[in-house]
Structures are given as C-alpha cells and as structure tokens.
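1. I would like to see how this sequence folds:
(chains A and B)
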Amino acid sequence: MAHGVKDFWRGFRCGIPIIVGYVPIALAFGVLAKTGGIPLWGAALFSGVVFAGASQFMALALWGGGAGMGEIILATFLVNFRHFLMSAALAARCPGLRGALRPLLAFGVTDEVFSLASLRETPPSSAEVLGLEAAAYGSWVGGTMLGFLLGEFLGETLRASLGIAIYAMFVGLLVPAVRRLPRRGAVALLAGGFHLALVHLPGVSSSTALVGGMVLGALVGSWGTPKEEGA
Amino acid sequence: MKDEGLLALILGMALVTYLPRLAPFVLLHRWSLPPGVRHVLEQIPAAALGALLIPDALGALPGHPGVAAVGLGVAVALSMAGGNLILTVMGAVGAVYVLLR
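-> Down below sits the predicted model:
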C-alpha cells in the first residue's frame, strides 16, 4: 500500500505541468460561465462531473444561443467520443490498470492525462495515473471556481492570452514524443490533415471531423510501420 | 425552472462523457485485443494531438491568428530546446500577452 501512495504522489508530480496548463483554461471557463449567467454551482458542477474542457466551452456557447438540451448532449457525446479511443489505447497499453479503481481511472481520462500517461517510456501503474488525474481534476475544478469568483480582476488582455495555453500544452506534449520517435510526427500531420479536410466537407459536424481525423490518422499512420515497439 | 434545466443538461453531458471513457476499461478487462488493433491504438496519442492542433490552434485567439502563430512557434522552440511542459505553456502565454498588450 505504501508503494501505491508513493506512486500516487509521483503521478501527481508528473501532473504539475497539467496544473499549469489547466488553471488558465479553467479560469477562462469560470469567467465565461459567469458572463453567460450560469450560477456558481452550475460552473463548478460542469467542471466537477463533466470534466472535459472543450465540450464545456461548447455547451456554454450553445446554451447561451438557445440550443435545445438534446442537441447539446448529442454534440457533447460526439466531441468527447475521442476519449473512448484514448481509454481503449490506455487500457490496452497498461494491463496494470485493473481492479476496483477502473471506474475512477476511466473518469479522469482527458487529452492531457492520456498524452502524459501514454507517451511515457514505461506504462504507469494505477496509482500513478490516479495521481496524474487528481492533479488535473483539482486544478480544473479549482480553476473554474477561481475564475468565476475572481475573473474580473484578471484584466482583458491576460484573459485573452490564456486562449493559447491549451494549444501550447498540446505542442509541449507532441514535440518530445516526436523527437523520441520521429514517425509520430507523420501520424500527427496525417491526423491534422484529415481533420482539416473533413472540416471543409459539407454536412460533417466539427466534432465528427475531429474524431474522424484522429481515427483516419491512426489507421493510415499504422500502415507500413513496425508493429512491435511501444507495446 | 431554468436551474432544473441546467442541472439536467450537466448531468446528461456527464453521462455521455463518462460512458465512452469507461467502456474500454470494462470490456478490455475481459478480452485482449488482436495485435493489428493494438497497433492502430498505439498511433492514437500522436494522431489525437495532431487533430487537436490542426487547424484549431491558429484560432486560439479570435481575431489574432498571427499572434497565435507566434505563440505556437514559441511553444515549439521552447519544447525543442528541451524546456519542460510548464515552461512551454508559460512561455507561449507570456509571448502572446506581450504581443496583445
């Protein structure tokens, strides 16, 4: 058990970059929720039980625009379906993620948690992933409430600048991974290219285009590449 | 009335977000995947990051695609220089803040 506690804190420390990346975005979400007339309990609940940034921003925009509940929930399902792929990839790579913790571990699978956990050299243990997720979750929910309560003191320019944080984080996750294994760069470009192409097809929603880009990028990228490594 | 609607919306969103996250952990516990499927799944991390970045990253700062490009360039440079993730994020936000001011 002491082993598990140690692993938890090691995972939590690995999650510090996620805290730095999440807090600004969560602040922005809190600010936006307040501006959109969502009460504090609603903003906190969004981050606390949905825990999926992109869909939360999207829901605020749609809710504010008068969209129906069913429509927003369907869009959320599509936008967040990428986590199904991530959970599948994580569960396949880390057979150690077992036991009673699985429902909890599954709840915390976000883009950043997944990227950090799956791009590491060695598969992490359950306790490490849980530590990583605790760091991400705490900063996401805490940041949302801080943004709601203190957002107006941030200043407009700083709030606008925070928009780059999530993408800088994606870059910071991708670049070292590509340097370790250059063909990952080709896979990323392929997926981005498919996403870009799908976005411009008529009748394809933006969330379908995103998931489609990921799936096509991974499928095409897996052709003609060695099978054993990373397993 | 509006509060009840909001509560129902959030709980509905939570459900449709959680189930896809949970399903693979429950199903893969029982079955192991064929090597071909595993191989495709191993490409998912890079593919996911690529599709999340392209093309949306340039729209990160509405009305300022040029500034967003500089911010992303700073992130790439810091990350290539071996900077850790914290430095990469803070450097990009700092550069964008200076340019937007």
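2. is the lengthiest helix in chain B anywhere near chain A?
-> The helix spanning the most residues in chain B, taking DSSP state H as the definition, is helix B:2-30. Yes. Counting by C-beta under 8 Å from any C-beta of the partner chain, chain A is contacted by helix B:2-30 at B:3, B:5-14, B:16-18, B:20-26, B:28-29. Every residue, glycine included, has its C-beta placed from N, CA and C.
3. and that helix, how far out from the chain middle?
-> With C-alpha atoms, centre = their mean, to the nearest Å as the basis, helix B:2-30 stands 19 Å off its chain's centre.
4. let me see the mean pLDDT of it.
-> Averaging pLDDT along helix B:2-30 yields 91.
5. show me what counts as buried in it.
-> Neighbour counts over helix B:2-30 (16 or more other C-beta atoms under 10 Å in any protein chain shown) mark B:6, B:9-10, B:12-14, B:16-25, B:28 as buried.
6. before we move on, what about stretch A:192-204?
-> By neighbour count on 16+ other C-beta under 10 Å, the buried set for stretch A:192-204 is A:192-195, A:198-199.
7. using CSV, list the CA coordinates for that stretch.
-> Output of stretch A:192-204 as CSV, limited to C-alpha atoms (Å, rounded to 0.1, in the frame of the first residue of the first chain):
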residue,chain,number,x,y,z
GLY,A,192,-4.4,17.0,-38.7
GLY,A,193,-4.6,16.9,-42.4
PHE,A,194,-7.6,14.6,-42.3
HIS,A,195,-9.3,16.8,-39.7
LEU,A,196,-8.7,19.9,-41.9
ALA,A,197,-10.1,18.2,-44.9
LEU,A,198,-13.2,16.8,-43.1
VAL,A,199,-14.0,20.2,-41.6
HIS,A,200,-14.4,21.5,-45.1
LEU,A,201,-16.7,18.8,-46.2
PRO,A,202,-20.4,19.8,-46.3
GLY,A,203,-22.6,18.0,-43.8
VAL,A,204,-19.7,16.9,-41.5
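8. any idea where the helices of chain A begin and end?
-> Using DSSP H, helices in chain A cover A:2-14, A:16-35, A:40-45, A:53-64, A:69-80, A:82-93, A:102-107, A:111-118, A:126-150, A:156-161, A:165-180, A:183-199, A:206-222.
9. closest one to B:Leu52 among those helices?
-> Among those, helix A:165-180 comes nearest to B:Leu52, with 5.4 Å by C-beta to C-beta.
10. circling back: in a markdown table, list the helices of chain A along with distance to chain B and mean pLDDT.
-> A markdown table is the format used below for the helices of chain A (distance: least, C-beta to the nearest C-beta, whole Å; pLDDT from 0 to 100):
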| stretch | distance to chain B | mean pLDDT |
| --- | --- | --- |
| helix A:2-14 | 10 | 90 |
| helix A:16-35 | 3 | 88 |
| helix A:40-45 | 5 | 97 |
| helix A:53-64 | 6 | 84 |
| helix A:69-80 | 4 | 85 |
| helix A:82-93 | 4 | 89 |
| helix A:102-107 | 4 | 93 |
| helix A:111-118 | 5 | 90 |
| helix A:126-150 | 11 | 95 |
| helix A:156-161 | 4 | 85 |
| helix A:165-180 | 4 | 89 |
| helix A:183-199 | 3 | 95 |
| helix A:206-222 | 4 | 89 |
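11. pull the number of nearby residues for A:Pro182.
-> Using other C-beta atoms under 10 Å in any protein chain shown, A:Pro182 is surrounded by 9 other residues.
12. so how far is chain B from it?
-> Counting by C-beta to the nearest C-beta, to the nearest Å, the gap from A:Pro182 to chain B is 11 Å.
13. look up phi and psi at that residue.
-> phi -60, psi -30 (degrees, to the nearest 10).
14. so how far is A:Ser222 from the residue sitting nearest the centre point of chain A?
-> For chain A, A:Asp111 is the residue whose C-alpha lies nearest the centre (C-alpha atoms, centre = their mean; 2.7 Å). Per C-beta to C-beta, to the nearest Å, A:Asp111 is found 20 Å from A:Ser222.
15. fine by me, we can end here.
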